[in-house]
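**Student:** okay, predicted coordinates and the sequence, questions at the end:
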Amino acid sequence: MSTREADRISAAEETLNTLFDISQLLNTGLDKETLATCVGLIEGGVNPEALAAVIQELRRENTAMKAARSTNGR
C-alpha cells in the first residue's frame, strides 16, 4: 500500500470517527457500521432526507413489531 493510499484511508477513518462522535452527541442511535453505510449511500447519490425518512420509518415499524410480539406473549 502506498503512503498516499494509507493517508487517504487514515483520513477516511478519522472522518468517520468524527461523524460517529457527532452522531452520538445527537443521539441518532446509529452504530458506526450503519453510519458508514449511510455515508456511503449519500456519497453514492441517495437523497439524505429520503434516507432519514426511511430510517425513521424502519424504526417505527420495528417498535410496532416489538409491541405486537409482547402483546401476543412472544
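**Tutor:** In hand now; what should we look at?
**Student:** excluding chain neighbours, what is closest to A36?
**Tutor:** L16 (5.8 Å; CB to CB, 6 or more residues apart in numbering). Where C-beta positions appear, they are placed from N, C-alpha and C, glycine not excepted.
**Student:** how much space separates the one you found from Q56?
**Tutor:** 22 Å (CB to CB, to the nearest Å).
**Student:** so for those two, which residue has more residues nearby?
**Tutor:** Taking other CB atoms under 10 Å, L16 and Q56 do not tie; L16 has more neighbours (15 against 10).
**Student:** please identify which helix or strand holds the more buried one.
**Tutor:** helix 3-25 (DSSP states H and E).
**Student:** next secondary structure after that helix?
**Tutor:** By DSSP H and E, the next helix or strand past helix 3-25 is helix 32-43.
**Student:** average pLDDT for that following helix?
**Tutor:** Across helix 32-43, the average pLDDT comes to 96.
**Student:** what packs against it?
**Tutor:** helix 3-25, helix 48-71 (3 or more CB pairs under 8 Å, 6 or more residues apart in numbering; DSSP states H and E).
**Student:** and the angle from the shortest one to helix 32-43?
**Tutor:** In this structure, helix 3-25 runs at an angle of 110 degrees to helix 32-43, with axes from the mean of the first three to the mean of the last three CA atoms, to 10 degrees as the basis.
**Student:** distance between helix 3-25 and the chain's centre?
**Tutor:** How far helix 3-25 lies from its chain's middle: 14 Å, per CA atoms, centre = their mean, to the nearest Å.
**Student:** pull out the buried positions in it.
**Tutor:** L19, F20, S23 (16 or more other CB atoms under 10 Å).
**Student:** which residues does that helix contact?
**Tutor:** L30, K32, L35, A36, V39 (CB atoms under 8 Å, 6 or more residues apart in numbering).
**Student:** coming back round to it: need the helices and strands packed on helix 32-43 in CSV (columns: mean pLDDT).
**Tutor:** Converted to CSV, the helices and strands packed on helix 32-43 look like this (pLDDT from 0 to 100):
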stretch, mean pLDDT
helix 3-25, 94
helix 48-71, 94
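**Student:** on that earlier part again, quick one, which of the contacts of helix 3-25 are buried?
**Tutor:** If we count by 16+ other CB under 10 Å, the contacts of helix 3-25 have these buried: L30, L35, A36, V39.
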